[in-house]
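1. what would the 3D arrangement of this be:
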Amino acid sequence: MAKTRRIRDPIYGFIVFDEKNETDMLAWELIETPEFQRLRRIKQLGVSDFVFPSATHSRFAHSLGVYHNARMLMKIIRREEGGSFDENRANVILIAALLHDIGHGPFSHAFEDARKAVARHKGQSKAPSHEKFTENLILDKNGAINKILEASKAGLSQDVADIFAIDNPADIYHAVVSSSFDADRLDYLMRDRYMTGTGAGAIDRDWLIENLKIYKIYNPDDPDDPDNTSGIPTFTFKAKARQAAEDFLLARHRLYTQVYLHKTTRGFEKLATALFVKIGDPEICPNHLGLDKNAPLVRFLRDTEASLDDYKRLDDAAVWSAIEVLTRSQDDDTCRLAKRLFNREPPRVLDLAAHFSDDKEAFFNAENRLDNHLNSQLGTSVFKDSPGYNLYTTMGGESEKEHKKVRVHDGNGAAKEITAFKNTIIGEPHQEKARLLRYYFLDDEIYREARDVMDGR
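-> Below is the predicted model:
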């Protein structure tokens, strides 16, 4: 018998699943599946707890928060759409919001980067993204999620899976899970700030949601729409919420610079990626480095016949268990990487962006000197990390997508990109894409030599 469920959450208080709401009851069934429960065993921020010890929150907690925010955003759409509100479409989106992370692997970006590297070495064009695994898990006829969705409504699993295959939103409902102010980023900004304990990055969530509007964005440079007639519906903010919207963007910017791109965290991610690549590439290490060949991490990274069931077995516990075994590996490089991760021994780092500050010429000259000097050691005992970031993204992609830009209405009712206002507090340095550049070293002597090379000595 269905009954109302309540989950205590440090960000929102109670997250309630109402027995009178069919979508909430369906969501609760999905939460209880093995596929969703696996998210309890995957940390949201990978190895960030090496720097922020309290950042041990899970993708399970994050996914519940995304569902909670998605319901709030859907209320705004209901308010704005009035009698034309599409209940069926709304329910598909809410379930997609809940399930958006079920395809995530352990160790976050380190695991994704390793799979891409292994795929390249095997001659494959690319490795499936975590979004693709999300689709596959939803469509898996042997899985619990698919059976529950199909029992609720025939074809529902395909409708939900399709959400993750579409890049640009087709309607305003899709903006709940893919826009400049979607349910996902709204939760991780608040949750990651709280769980890392950082003081930067506060946002006025309630005020921002209350001042949302629906607006269709036209892109004059879209080759698929030369007459500029179709447009992309998305969320924009009323004029009185501009300061809060600026704070929202700055909050995201600060979290990237202070948490997600923290130099120590990124160093450990590089070590983890290198270790995963060694496990996954039999040409680098033809044996299993001391691991059981049927260990989930080995099967998934190495075996081309690895199944979706193998992926379901992957979580942080499986990875840490493998790393512990590898600390006793007879392969010296593998053993060294595993011990550094297992015992939290960070690599030495040269941070060129911090060292040269605003001197771009010295920055690029130092990079060329170091690349030439370290050429044969890059990827083995030295790891280069050069992420880009700006107000919208760390990788440069979202700033090119119109629906990912934050827009605010001016006094005339038109929605302008937020940095277009003359008196914005988001100055040009924040608008431009910046680039970090760090070199991580396993060997102290190589580090000292590289430091001299960096300074031109």
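2. distance of the residue nearest to Tyr256 when sequence neighbours are not counted from Leu271?
-> By the measure of C-beta to C-beta, 6 or more residues apart in numbering, the closest residue to Tyr256 outside its immediate chain neighbours is Tyr389, 5.3 Å from it. Quick note: C-beta positions are derived from backbone N, CA and C, even for glycine. According to C-beta to C-beta, to the nearest Å, Tyr389 and Leu271 sit 21 Å apart.
3. what about the two, which has more around it?
-> Shown here are Tyr389 and Leu271; by other C-beta atoms under 10 Å, Leu271 has more neighbours (22 against 19).
4. would you check that my belief about the more buried one contacting Leu341 is correct?
-> Yes. At 5.5 Å, Leu271 counts as touching Leu341 under the criterion of C-beta atoms under 8 Å.
5. using PDB, write out every CA atom in the helix or strand containing Ile93.
-> Per DSSP states H and E, Ile93 falls inside helix 87-99. Extracted C-alpha coordinates of helix 87-99, given in PDB (Å, rounded to 0.1, in the frame of the first residue of the first chain):
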ATOM      1  CA  GLU A  87       1.000  16.800 -17.400                       C
ATOM      2  CA  ASN A  88       2.400  13.800 -19.200                       C
ATOM      3  CA  ARG A  89       5.400  15.600 -20.500                       C
ATOM      4  CA  ALA A  90       6.000  17.000 -17.000                       C
ATOM      5  CA  ASN A  91       6.000  13.600 -15.500                       C
ATOM      6  CA  VAL A  92       8.500  12.300 -18.000                       C
ATOM      7  CA  ILE A  93      10.900  15.100 -17.200                       C
ATOM      8  CA  LEU A  94      10.500  14.700 -13.400                       C
ATOM      9  CA  ILE A  95      11.500  11.000 -13.700                       C
ATOM     10  CA  ALA A  96      14.400  11.900 -16.000                       C
ATOM     11  CA  ALA A  97      15.600  14.400 -13.400                       C
ATOM     12  CA  LEU A  98      15.500  11.700 -10.700                       C
ATOM     13  CA  LEU A  99      17.400   9.200 -12.900                       C
END
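6. and it, what's its mean pLDDT?
-> Confidence over helix 87-99 (mean pLDDT, whole number) is 97.
7. can you check stretch 192-201 too?
-> Across stretch 192-201, pLDDT averages out at 91.
8. ends of it, how far apart?
-> Across stretch 192-201, the terminal residues are separated by 10 Å (C-alpha to C-alpha, to the nearest Å).
9. go on, stretch 162-175?
-> First-to-last residue span, stretch 162-175, C-alpha to C-alpha: 14 Å.
10. just after the lowest-mean-pLDDT helix or strand in the chain, pick out the following helix or strand.
-> In the chain, no helix or strand scores lower on mean pLDDT, DSSP states H and E than helix 428-431, which sits at a mean of 63. Using DSSP H and E, the next helix or strand after helix 428-431 towards the C-terminus is strand 434-435.
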